[in-house]
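Visitor: I'll drop the sequence and a predicted model, then ask my questions.
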Amino acid sequence: MSIQVECYSGWKSEERPVRFRVDLHEYIIHSILDQWDGSNHVFFKVRAHNRNV
């Protein structure tokens, strides 16, 4: 399984995700439901354009 994330870069680099790909399927992020910090990463719970979380 291949996962790629495209992020919006505002005043800081890679501020929030805007779309992602899982294998050959592309999903546009409709809304960010939650966000939390990990030790080396920021994690997001998102709702895609097809209403899946």
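Guide: Happy to help now that I have it.
Visitor: Look up which residues are beta-bridged to residue 47.
Guide: residue 31 (DSSP bridges).
Visitor: Now do the contacts for it.
Guide: Residue 47 sits next to 29-31, 33, 53 when contact means CB atoms under 8 Å, 6 or more residues apart in numbering. C-betas here are computed from N, CA, C, even on glycine.
Visitor: Just the buried residues of these.
Guide: residue 29 (16 or more other CB atoms under 10 Å).
Visitor: List the buried residues in the one helix or strand residue 43 maps to.
Guide: Per DSSP states H and E, residue 43 falls inside strand 42-48. By 16+ other CB under 10 Å, the buried positions in strand 42-48 come out as 44, 46, 48.
Visitor: thinking again about what came up before, from the contacts of residue 47, which is closest to residue 8?
Guide: Residue 8 lies nearest to residue 29 out of the contacts of residue 47, by CB to CB, at 9.6 Å.
Visitor: The closest one and residue 39, how far apart?
Guide: 24 Å (CB to CB, to the nearest Å).
Visitor: pLDDT score for the residue minimising distance to the centre of the chain?
Guide: Residue closest to the mean C-alpha point of the chain, counted by CA atoms, centre = their mean, is residue 17 at 3.6 Å. Looking at residue 17, its pLDDT is 94.
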